[in-house]
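Novice: One predicted model, sequence on top.
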Amino acid sequence: GLCVRGRVPSEFLLQDQYLHKGVIVVLKDTPEATIGLMLNRPSNTLAPTFSPYDNVRRVCFGGPYSTQGLTGRSGGFWVHRSEELAKRGIGQAVGQSGLYVTQPQKLSEADRSQCLVVEGFCMWPKKEFAQAEELRRGPWKGARVPEGGLQSEIDAGKFEAIEVTEDAFNAFLVAAATPQTAAEANSQGNVRV
């Protein structure tokens, strides 16, 4: 449930430049890897919310790794911070962050407008898994993959721990909202369910 933000002054000081000023919530930290979702990178891909208030929402880029390989199909992560939804048992708490991750099938039409849709995830491999990832990326990538997971990046001063407040999460929702209707987005071919 730890939340971190990229804090280096230039994106060129990070191995993966998309993490510059990225806000990431850690979903899981194991001996093999740290896995997290980036919350503040809306893309041009749209997902329908089926809500009369907010017809479509931008899908946020959560990281370069796809859930499709893990589940056989990609549905992304639906992230909310709603106490009301949590009391109804919608979503799994992410540590003490106040954030919850759920699947779209568990949400009513009105509930979807309270969620960020995040596709993909970030991973910081550890030890021998970091070495395997470095081989997978190839020598052209340049910098070595840190062997201590995300914690080694925090220790190096590249990230800082933060709290994702309700106001900050609402700002992410606003950034992911779009005035476009679902019909307009669908006619352009960029809505995904």
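Specialist: Okay, I see it.

Novice: what's the distance between Asp89 and Asn44?
Specialist: Careful, residue 89 is Gly; it's not Asp. 33 Å (Cβ to Cβ, to the nearest Å). All C-beta spots, glycine's among them, are computed from the backbone N, C-alpha and C.

Novice: Tyr18 now?
Specialist: 15 Å.

Novice: the more surrounded of those two?
Specialist: Counted by other Cβ atoms under 10 Å, Tyr18 and Asn44 do not tie: Tyr18 has more neighbours, with 15 against 9.

Novice: list the contacts for the more buried one?
Specialist: Taking Cβ atoms under 8 Å, 6 or more residues apart in numbering, we find Tyr18 in contact with 11, 38, 41, 61, 64.

Novice: for this protein, what spans make up the strands?
Specialist: For the chain, applying DSSP state E gives strands covering 3-6, 23-29, 33-38, 42-48, 56-61, 77-80, 92-93, 100-102, 115-119, 122-125, 159-162.

Novice: Make JSON lines out of those and add mean pLDDT.
Specialist: Output for these, formatted as JSON lines (pLDDT from 0 to 100):
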{"stretch": "strand 3-6", "mean pLDDT": "85"}
{"stretch": "strand 23-29", "mean pLDDT": "88"}
{"stretch": "strand 33-38", "mean pLDDT": "89"}
{"stretch": "strand 42-48", "mean pLDDT": "79"}
{"stretch": "strand 56-61", "mean pLDDT": "81"}
{"stretch": "strand 77-80", "mean pLDDT": "89"}
{"stretch": "strand 92-93", "mean pLDDT": "92"}
{"stretch": "strand 100-102", "mean pLDDT": "90"}
{"stretch": "strand 115-119", "mean pLDDT": "88"}
{"stretch": "strand 122-125", "mean pLDDT": "85"}
{"stretch": "strand 159-162", "mean pLDDT": "86"}
